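Participant: For reference, the sequence and a predicted model appear below.
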Amino acid sequence: MQKNTRADADKKVYLSIVVPLYNEEESIRQVTDKIVQACSRFEFVWEIVFVDDGSTDMTWQLIEQMKSSINNLHAIKFRKNYGQTSAMVAGFEYARGDIIVTMDGDLQNDPADIPKLLEKVNEGYDIVSGWRKNRKDSRSRVLPSKIANRIISLTTGVRLHDYGCSLKAYRAECIKPLKAYGEMHRFLPALASMTGARITEIPVRHHPRKFGVSKYGFDRILKVFSDIFAMNLIVRFSSYPLKGFVLSAVPFMIFMVFFGLLGGLAIGLSWTSGKAFFFMMAAALCGVAVVQLVILGVLGELVINTSDLTHARLPEITIKEIAIDDQYN
Amino acid sequence: MISTIDTISVILLLEECYEDQSAYISTIDRVFSDIGAPYEILVIANGTGNFFRSRISQIQGISHRLRAFEFGNRTTQAVCLKAVLKEVKGETLVILGAYQQLTDDSIRTVVDAMEDSCDVVSPWRRKRVDPPFNRFQSRVFNWLMRWFVGAKLHDFSCTVKVVRRTVLEETELYGNMFRFLPVLAADRGFRVKEVPVRHLQERGKTGLYRPSDYITRLIDIFTLFFNTRFTRKPLRFFSAIGIVFMFFGSLSMLLLFIERFFFNTPIGNRPFLFLSLLLTILGVLVSSAGLLGEIIAFTNGRKKREYTIEKTI
């Protein structure tokens, strides 16, 4: 089994730049040049971690070529295409920096913004998200993402303008334990809020896509909404599943009482016989839904209770010591 | 071609008792000694230990490379393989069934097909020798697999498989998933190759199987469909089904609503009304099962890596 660890683990790295790549043969050289250019001024040790997400073009060969001339370039090659979330998680696991910056491999982000992100991290934030304030995309693309950002911000309580921007900086200890899966990469800040991370955002530059086109369809919107729902469930209720399920049963309880009362009235006041029958059945069906939801909630409690993750709120890094100056002692 | 340094481990899964099994084992031994690479033969008597031991005198002396194991009670092939894995010395594993299904040449072909650029070799019996009805059933099954699971293979029922050791180590095999090893391996990013072979004989049941067998097969296909796509995002699967139910439920409710308030038709005793109520509730229940799925994926799925790494530099 290929281990995700490295031989040169002794060198102290401060910054790791993780770039997931999928068929980026046209842009990878330029991306690398830009990163090297932006980071050459840094006095600390930094590294690039490319994650080749099962590219079918020349991406990996180009990485291997560049590896010979750039020492602090590292790369992971997946056996097949697993998606951006997996690529990022693999990159996080492999990166050794105290701070991890993620960015796109298609030149939409500008590595020249990295120093700004670092500045913000040094102010004491754990996660600094980029915000493409002036997006160079078509309206049809910007609008759905704006709506999605609003919904994610409102529902998860982590208010960001641009969840979709890949350019983000993380303190390694806040992001490494998350082990995201599925398609969570869009929601990493929301997920990280479970660890008590302090999150902020700064405007970054955005360049239009030079190569390739991105897909945005109706089914994708549905998928994103399904993901938003799942993310909320995880962020809010994974510690108390029963609470979540009981809350979603509340509307059915109300309907049950409502139909039950109407049914009682229908019998008491001798309305037409069809009405009484209908209201009673409707009340019974709502009752079935309530029972089923509560049972699922109890099963959820069982799952949480028996899993190794004893406390789903990721206690690993919630606690942080606050530095107190001598004068207050 | 397999490099001559690597050991080939031949695993014989003996699930049924056949009188000519000792002859079969010596044939296999001859085939592999002809290949020239170092090899070992591991015989697993899966619930057929008594039969195997009673014929031990015939088997003794076939080869000093032969070792035998037994499972007291019959278990699944997946368990047998996972259990024998710690005894296996080689990097290339040739898994064979209880009788000789392919010709000697074809076994050789399959083993030779294992190259550096591939991890699993699956044989494809182009001309099958079993009765037409069985071939037809098999064809339907293979077609369903291709259509539903998106597998790009033609023959899932052949008992012969050649895999790299890492494939068995890194693939989740349980229940009767052994049959689908090439599909599962491809899902984990391993490279699968199919080679045409010649079918020698087919034993076991012919004609119609028991109804439960057909149901099991269908459930297997569905399991694969779910496992290869949705184990890390269960809500997408459940909400897709739930939304369909809820959509039709609320659509018919809307129609009834219009009838009641715009055309003043009484709707209280219409079956349609109950159908729409039932559909809506069903949609809610299916989607909420997905929520439970998400909780399970979050609490237990984080331990397992979703991706497989080919190499790092």
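Facilitator: Arrived safely, thanks for sending.

Participant: quick one: the strands in chain B?
Facilitator: If DSSP state E is used as the criterion, the strands of chain B fall at B:8-14, B:39-46, B:66-71, B:92-96, B:120-127, B:161-164, B:192-198, B:309-312.

Participant: between these, which gets the lowest average pLDDT?
Facilitator: Ranked by mean pLDDT, the strands of chain B end with strand B:309-312 at the bottom, a mean of 84.

Participant: what ranges do the helices span in the stretch 101-250 of chain A?
Facilitator: For the stretch 101-250 of chain A, the helices defined by DSSP state H, counting those that start in this stretch occupy A:114-122, A:139-156, A:172-175, A:188-192, A:218-232, A:241-268.

Participant: Go through these and find the least confident stretch.
Facilitator: Among the helices of the stretch 101-250 of chain A, helix A:218-232 carries the lowest mean pLDDT (a mean of 79).

Participant: What segments of chain B are helices?
Facilitator: In chain B, the segments counted as helices under DSSP state H are B:21-35, B:49-54, B:56-59, B:77-84, B:104-112, B:132-144, B:165-170, B:181-187, B:211-229, B:234-262, B:271-301.

Participant: Just checking the last one against chain A, any contact.
Facilitator: Yes: under the criterion of CB under 8 Å from any CB of the partner chain, helix B:271-301 makes contact with chain A via B:273-274, B:277-278, B:281, B:284-285, B:288-289, B:291-292, B:294-301. Backbone N, C-alpha and C define where each C-beta goes, glycine included.

Participant: Tell me if residue A:16 really is in a helix.
Facilitator: No: per DSSP: H, G, I helix; E, B strand; the rest coil, residue A:16 lies outside any helix segment and is strand.

Participant: Give me the neighbour count for it.
Facilitator: Number of residues near residue A:16 (other CB atoms under 10 Å in any protein chain shown) recorded here: 25.

Participant: For it, give me its contacts.
Facilitator: Going by CB atoms under 8 Å, 6 or more residues apart in numbering or on different chains, residue A:16 touches A:46, A:47, A:48, A:49, A:91, A:95, A:96, A:97, A:99, A:100, A:101, A:172.

Participant: rerun at 7 Å
Facilitator: Under the criterion of CB atoms under 7 Å, 6 or more residues apart in numbering or on different chains, the neighbours of residue A:16 are A:47, A:49, A:95, A:96, A:97, A:100.

Participant: how far does stretch A:119-138 stretch from start to finish?
Facilitator: 31 Å (CA to CA, to the nearest Å).

Participant: Name the nearest residue to residue A:301, sequence neighbours excluded.
Facilitator: Nearest non-adjacent residue to residue A:301, counting by CB to CB, 6 or more residues apart in numbering or on different chains: residue A:242, 5.1 Å away.

Participant: Just give me the neighbour total for the one you found.
Facilitator: 18.

Participant: quick one: it and residue B:59, what's the gap?
Facilitator: Distance, residue A:242 to residue B:59, by CB to CB, to the nearest Å: 59 Å.

Participant: Excluding residues flanking it in the chain, which one is nearest the residue of the stretch 151-300 of chain B found nearest chain A?
Facilitator: Among all residues of the stretch 151-300 of chain B, residue B:189 sits closest to chain A, at 2.6 Å; criterion: CB to the nearest CB. Using CB to CB, 6+ apart and skipping residues adjacent in sequence, the residue nearest residue B:189 is residue A:79, 2.6 Å away.

Participant: Enumerate every residue touching that neighbour.
Facilitator: Neighbour list for residue A:79: A:54, B:188, B:189, B:190, B:308, B:310 [criterion: CB under 7 Å, 6+ apart].

Participant: give me that answer again for 10 Å
Facilitator: A:2, A:54, B:119, B:170, B:185-186, B:188-191, B:307-311 (CB atoms under 10 Å, 6 or more residues apart in numbering or on different chains).

Participant: picking that back up, restrict the residues of helix B:271-301 next to chain A to the buried ones and give me that as a PyMOL selection.
Facilitator: For the buried members of the residues of helix B:271-301 next to chain A, the matching PyMOL selection, counting by 16 or more other CB atoms under 10 Å in any protein chain shown, is:
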select buried, chain B and resi 273+277+281+284+285+288+289+291+292+294+295+296+297+298+299+301
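
Participant: I'd say residue A:141 and residue A:147 touch.
Facilitator: No: between residue A:141 and residue A:147 there is no contact under CB atoms under 10 Å: 11.8 Å.

Participant: Number of residues surrounding residue A:47?
Facilitator: Neighbours around residue A:47, by other CB under 10 Å: 22.

Participant: Three-state assignment for it, please.
Facilitator: strand.

Participant: Could you find the residue in chain A that comes nearest to chain B?
Facilitator: For chain A, CB to the nearest CB, closest residue to chain B: residue A:79, 2.6 Å.

Participant: Please give me every residue in contact with the residue minimising distance to the centre of chain B.
Facilitator: For chain B, the residue nearest the mean C-alpha position is residue B:180 (2.0 Å; CA atoms, centre = their mean). Counting by CB under 10 Å, 6+ apart, residue B:180 touches B:145, B:149, B:151, B:153, B:156, B:171, B:173, B:186-187, B:220-221, B:223-224, B:227-228.

Participant: who's in contact with residue A:134?
Facilitator: By CB under 10 Å, 6+ apart, the neighbours of residue A:134 are A:203, A:204, A:205, A:206.
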